[in-house]
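Novice: No letters, just coordinates:
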């Protein structure tokens, strides 16, 4: 079961599809193996990047089953939904199958501190014993969650064990959360998103690792472990070597297609298909990704990676 | 099957619950009978007012079955969803059960004319042969759909047979849509929402009736039929007699609880329960509803109703 | 100087223009006289309905001068601005000219309780001694201000003397604010907007009157005074008689043009011109206003008004 | 006068303040010299980064005078405003003083393609002969402007001579705009914002340069000129060397404070003061900026820069 000590890299997994739009089960297996081989300490599925909204309820459950069966690391399942009934149905199913926890982002209609707090009170009640991750991603959800509200959720809901941090800017928020737990509050795990664009600084502020889907997950594993080993300069070298790609992949909306393109290029998934409705990368975009990858490779060789 | 000639009053139905939160199946039957007895020419279920997001997928299907089995008038099923997979699943199920059509509101992340148009192209493709209602409700969806985009959807998608009109202000939009069909475009049905607050003027502009959930559906049936009979003055008398209540019930968010309170007071549903999370009416609000109802009753008697 | 005891009807004034777009100074004088004659206990100028954004800074100051010079009742000046410098410039000028106070709505980029509170702290500091009205109008500002934040502003800022209440739904908010002052908090004036659509219920909840621009301001004066005299039934009769028009005028965006049309029809302002960019009423809309006005007049005669 | 051939780097200038909040006129002079020395081919003042909303109307005009008097390169003045009267007042004043052109971002309440187009039609009319820059920055304005609307503005408004491009993702948009002008449409200048985060790729897509405020403007000048000289590899080397800082500075909201901190560290402006209300950088943030700057310096030395 997921708990407050979770750390390292929880990779946000894509959902691979065949060219005709069917779920590509074989690629799921290969992808799970790949992520773990590259250093993932956990996987998060059916998140915003997992095209969850394009899966039927049945498919969602089948994907959970397949990933849980294949994985040797804990699985977090995204269960954000417009209503609590759907959240509960998928959450209960996921935990029954063997997920370690679930993740919930707030719906976009929440406007005040009290509404956000109330939403997570209801979430915790609906999810029962399932440990949950609070996803704080205002760029996409349009809901700004102040530090005080996160701390109140942590105080009120023992099953809230992790923050998926992707407020932007958000570094001072990590510092404030850590100051609060240093002062005696319950300390939860903080894993960071934003495509890894601030991973080094996030670790410096007290994060426990990353939870994001950058298509070179080894970067995240290496930055986190090198940082934790105390070699800050080398951690920065690795981080900077990947930065042009991290930046390019972090383009909202486009990022998923870039990520699938890269995973297909790397042989992890068989096809870079997005299920409909989903755009294709332009030829120019693919060229840009290729050019960045070539230079990235050169920099990594210089670092002996 | 729903088509472009649909007219009259499609009542937006609530979903009745028992005090413990279970679906109240007996009240569903009574409610269907009540709406039809009061003049409904159709019913719309699982809309925004139907607490659809609080139902599990299984419950949603059961509600469709129960209502279709009981009803002698056509049923429209709300199938708006964050993803097309869920939309298709419920849409296909509803049509298999015997619904006359489905209704789709746009998701809040659509920003440009092209994105809205593209969304309805995908919707039409996903729904296949099912006739669908385009719900235009910017106050809640935050998506403004210009007249030109509605006309393009109508031109491109033969299965779009009805507009649920609740733009606000929206009267000139009805006029513009009717001018376009008078000039040779395909004419679809326009049924109006907004709680009935502009029903008389909407009819004057060319609407075919109402699709909303005012808890005195006889008002809508009487205004529409009296207007159609040519007695505009009497239609206005009826409309004005109900207006203080229409206005009071039209408060966003609060309206559903007021509606359920009134339906329970009228003996239609057994309880005014909202499924969690859902607020209760304050004592002051109930007093206000009661006071308005008493005066409404007096006015109706003066009109011989 | 405006203070917490302000009550009655503060009419939101339009800014009259000549057909060529110049400010119509003569109509301003006539309008001020008209509002006061119809029972206004104060006037609010340069609000959202005053086309403030279409006036140059110099024109705004001239309008304040003209209205203050003409008026025998206190003047509130809208000074909402994207930045505090502009707010301070107009606020200082208005108070120097002799305004009784100023009004400030929050800018749309405020997201959390703390941000709203901080904004009003800064507002109070910037405005110095000037008494100010907190305008709570989420439908237009997109900023939801919870009761707790309003109470904190009242507690922290002695110069906040009035709430322009137009949250929707907002009746329970009035009750909550009054419960707080009954329990010992500072009691500020609450005048209500929303075009007067809930005026009767707002009085029942504890409001001190209206601050809105309904083009028949005598309705508001009569409802408030009749209510205060204890004749609730007669207050309701008056309120209901005007309701079809109140509802029609309350259409967002369109309302200002309807209001100017009515004021011109009533001979108050010379022209119904909106300064560019501003729409014109369609012929159908004018017909609808006319039809509602005729029936309204009949109802008022029956009431002896 | 600004025209369609504008290219290179138009630096977005800050407005320097003394610790007491007064405008720091001496630092303005030094800043203008610095930007030009570092390769600026133009300057843009009173933009979002210029704290324009915190200046009085008089101060804004004085800043324009000071910068125009000092500068040997063309000046663009941001004149975005909630109303056209304020836009016209500042726009006319700026052009009279000697600005080369003005810049206008759309207000956040525009929702449809037609509303955006109409807004720029009005803008062009209000501004008269003044050449204007269309600022396309959805992340901040919340207005998404499709390529088709930009092309229509270009077709309809001869005084629209430049696009400040900062849609995100926006690279394919540049390609589409260039394809349209290659096919015979009027070609306008495209200068790119987003803090320079995609400058290299933007040049590859057909942009004419940058218009953004990265605190090392030499990066932009060098990338643009090196790219134009044909040495793509060296352009990428320079671009990549600065990327960790570009990324860090691009944090929304925080970016301005980081920028002023860096400009003060570099001796360009005397103080890193933000006028109230404006946050201060945390100690941790300053440390992060310092650490990134040190490594950046090392990389630049390796490149012989």
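Specialist: Now that the structure is in, tell me what you want to look at. Note that the structure is predicted; figures quoted are calculated from it, not measured.
Novice: and whichever helix in chain A runs longest, what other elements does it pack with?
Specialist: Counting by DSSP state H, the longest helix found in chain A is helix A:283-302. Helices and strands touching helix A:283-302, by 3 or more Cβ pairs under 8 Å, 6 or more residues apart in numbering or on different chains; DSSP states H and E, are helix A:232-249, helix A:254-265, helix D:171-182, helix D:199-205, helix D:232-249. Every C-beta, even on glycine, is put in place using the N, C-alpha and C of the backbone.
Novice: So which of these is nearest chain B?
Specialist: Chain B lies closest, by Cβ to the nearest Cβ, to one member of those: helix D:171-182, at 12.0 Å.
Novice: name the helices or strands packed onto that closest one?
Specialist: Against helix D:171-182 (3+ Cβ pairs under 8 Å, 6+ apart) you get helix A:283-302, helix D:147-156, strand D:160-165, strand D:189-192, helix D:199-205.
Novice: quick revisit: could you look over the helices and strands packed on helix A:283-302 and pick the most buried one?
Specialist: Scoring the helices and strands packed on helix A:283-302 by mean neighbour count under mean count of other Cβ atoms under 10 Å in any protein chain shown gives helix D:199-205 as the most buried, with a mean of 24.
Novice: Residue A:269 against residue A:25, yeah?
Specialist: No - assessed by Cβ atoms under 8 Å, residue A:269 is found out of contact with residue A:25, at 11.3 Å.
Novice: who's more crowded, the two?
Specialist: residue A:269 (25 against 13; other Cβ atoms under 10 Å in any protein chain shown).
Novice: Could you tell me which residues of chain A lie near chain C?
Specialist: Applying Cβ under 8 Å from any Cβ of the partner chain, we find that chain A lies next to chain C at A:111-115, A:138, A:144-146, A:148-149.
Novice: Mark which of those are buried, thanks.
Specialist: A:111-115, A:138, A:144-146, A:149 (16 or more other Cβ atoms under 10 Å in any protein chain shown).
Novice: What angle do helix A:147-156 and the strand or helix carrying residue A:118 make with each other?
Specialist: Per DSSP states H and E: residue A:118 is located in helix A:113-127. Per axes from the mean of the first three to the mean of the last three Cα atoms, to 10 degrees, the angle that helix A:113-127 makes with helix A:147-156 is 30 degrees.
Novice: So what touches helix A:113-127?
Specialist: A:79, A:84, A:87-88, A:91, A:102, A:104, A:106-107, A:110, A:132, A:134, A:143, A:145-146, A:148-149, A:152-153, A:156-157, A:159-160, B:276-277, C:112-114, C:144, C:146, C:148 (Cβ atoms under 8 Å, 6 or more residues apart in numbering or on different chains).
Novice: Nearest to chain D: which residue in the stretch 51-200 of chain A?
Specialist: The nearest approach of the stretch 51-200 of chain A to chain D comes at residue A:169, 3.8 Å away (Cβ to the nearest Cβ).
Novice: what are the phi and psi values for that residue?
Specialist: Per-residue torsions, residue A:169: phi -80, psi 150 (degrees, to the nearest 10).
Novice: mind checking how far it is from residue C:22?
Specialist: From residue A:169 across to residue C:22, the span is 47 Å (Cβ to Cβ, to the nearest Å).
Novice: if you count what's nearby, which of those two comes out ahead?
Specialist: Set residue A:169 next to residue C:22 and count neighbours by other Cβ under 10 Å: residue A:169 wins out with 17 against 11.
Novice: show me what contacts the more buried one?
Specialist: Taking Cβ under 8 Å, 6+ apart as the criterion, residue A:169 is in contact with D:251-254.
Novice: rerun that using 6 Å as the cut-off
Specialist: When contacts are counted by Cβ atoms under 6 Å, 6 or more residues apart in numbering or on different chains, residue A:169 touches D:251, D:254.
Novice: Also the one 4 residues further on?
Specialist: Residues in contact with residue A:173, defined by Cβ under 6 Å, 6+ apart, are A:147, A:167.
Novice: This completes my enquiry, with thanks.
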